[in-house]
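>>> Model the structure of this input:
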Amino acid sequence: MRLNSYRSVEHDVLATLPNAMSFGRAAGGLALGVGLATNSVDPGQALIAAGLLGVSDTEGSLIGITARFPRLQRKLRIIPSKWGRIVDPVADKIFAAAVFAGGWAGGDIPSWHGAGILATETATALATLHAKTQGLEPEVTRLGKLGMVARVMTIGLDLAASATAGSPGLSHELLTEGGNAMAVSAMALGSISCAQLFFRSKESSGG
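Numbering: from 1, shown residues only. As a prediction, the model looks like this:
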């Protein structure tokens, strides 16, 4: 994440397609987390749902791709907004936290994956709150996006490993080890992003 005292952009409204995608990702993540925790969704179904929800994190790319067509952007409301800069990272955290917590509770995600990533998410949320107390606004950077990709990939690999647990073999082992490696990457990226956010806010306050 980076700190940016951003100005309100042209369309400071909530009713945009990117904002709807962010809200949908958050709501879908909560529903999926409940389904995993109560074992009312099997790992295979959860894997498909998580993949579809993960695709909704492309709202920023969608804005960039259509930037050369401002009329189309306005017509389809593919427009950036001040609200979007707040909603997007919050939606990411709700999605990741809900799915990891639910998968952990339901036994589809290893305990250390769930605990470790939830811990880094909590730390990042606290660092974000600290930044806000300094009068600054955090914005998702490339590092933060990479962390989100790593978290989504961890979810996918963990659910795929859980889905193949009944037929252990090389594929199951590869999925399990891949999930472990990706979980470590997600925790590392989350920790670095959190540290950057905290120290930059400290520097900006003259500490």
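>>> secondary structure class for the residue nearest to the spatial centre of the chain?
Most central in the chain under C-alpha atoms, centre = their mean is D92, positioned 3.0 Å from the mean C-alpha point. Using DSSP: H, G, I helix; E, B strand; the rest coil as the criterion, the local structure at D92 reads helix.
>>> which one is it nearest to, not counting chain neighbours?
Nearest residue to D92 in three dimensions, chain neighbours excluded: M148, at 5.2 Å (C-beta to C-beta, 6 or more residues apart in numbering). Every residue, glycine included, has its C-beta placed from N, CA and C.
>>> From L189, how far out is that neighbour?
Distance from M148 to L189, counting by C-beta to C-beta, to the nearest Å: 9 Å.
>>> Give me the more crowded residue out of these two.
M148 (23 against 20; other C-beta atoms under 10 Å).
>>> Need phi/psi at that one.
Main-chain dihedrals, M148, degrees, to the nearest 10: phi -70, psi -40.
>>> Quickly find the element holding L53.
Element membership of L53 [criterion: DSSP states H and E] is helix 43-55.
>>> For that helix, which helices and strands make contact with it?
On a contact count with 3 or more C-beta pairs under 8 Å, 6 or more residues apart in numbering; DSSP states H and E, helix 43-55 meets helix 17-37, helix 82-106, helix 142-163.
>>> Now with 6 Å, please.
helix 17-37, helix 142-163 (3 or more C-beta pairs under 6 Å, 6 or more residues apart in numbering; DSSP states H and E).
>>> what comes up buried for the next helix or strand after the last one?
Okay, so that is helix 142-163. Remark: after helix 142-163, the chain's next helix or strand is helix 170-204, criterion DSSP H and E. Under the neighbour-count criterion of 16 or more other C-beta atoms under 10 Å, helix 170-204 has 172, 175-176, 178-180, 182-183, 185-187, 189-191, 193-194, 196-198, 200-201 buried.
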